[in-house]
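[1] pasting the sequence and the predicted coordinates here, then a few questions.
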Amino acid sequence: MLLGGRAPEYLAHDHLVVALVIKFFSSGKALASICHGQLILVATGVAKDHKCTAFPHVKPASVASGAHWVEPDTMAAIVVDGNLITAATYEGHSEFIQHFVKALAGNINGSNKKILSLYRVCSNDFQAHN
């Protein structure tokens, strides 16, 4: 899962990240990306010939990479194309996570079921692993 925010602007230039995403996507596993996370898809070329959406400012880079841009009708928009799942922004987290869980052969059922996802990226941790 490739998350948005500012980190993808930098991670898209890291050859190890690019190689990992290419290898992972090429294996046929589900790959989910949200908001500015699609900048990593652009850098890897894996979005080429796939439908995707993202935060609107990512559109020029996505189109230039050969992706088939789907204009988000709301910031909660989700696009699924094969094993690639993309979302415009955090406003679509609920549906985004549901599609990702389904792609992993899981399910969420019952009434009032929710998934809580918490992420924290510490730049010091990232630097320590480079």
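    Cool, got the structure.
[2] what about the helices in the protein?
    If you assign secondary structure with DSSP state H, the helices in the chain sit at 7-11, 15-26, 38-44, 59-64, 93-103, 123-128.
[3] pick out the shakiest of those helices, pLDDT-wise.
    Note on the helices of the chain: helix 123-128 shows the lowest mean pLDDT, a mean of 44.
[4] F25 versus M1, what's the distance?
    Shown here: M1 relative to F25, a distance of 12 Å by Cβ to Cβ, to the nearest Å. Yep, even glycine has a C-beta here, placed from its N, CA and C like the rest.
[5] list the residues that contact both of the two?
    Taking Cβ atoms under 8 Å, 6 or more residues apart in numbering as the contact criterion, the common neighbours of M1 and F25 are L31.
[6] higher neighbour count, those two?
    Remark: of M1 and F25, F25 carries more neighbours, 20 against 14, as counted by other Cβ atoms under 10 Å.
[7] sorry, back to before: in CSV, list the helices of the chain along with distance to M75.
    What follows is the helices of the chain, written out as CSV (distance: least, Cβ to Cβ, whole Å):
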stretch, distance to M75
helix 7-11, 17
helix 15-26, 24
helix 38-44, 14
helix 59-64, 13
helix 93-103, 11
helix 123-128, 27
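[8] nearest to I85, out of these?
    Shortest distance between I85 and the helices of the chain, using Cβ to Cβ, is found for helix 93-103: 5.0 Å.
[9] tell me the buried residues in the closest one?
    96-100, 103 (16 or more other Cβ atoms under 10 Å).
[10] one more: stretch 6-21?
    Of the residues in stretch 6-21, those buried under the neighbour-count criterion (16+ other Cβ under 10 Å) are 7-8, 11-12, 17-18, 21.
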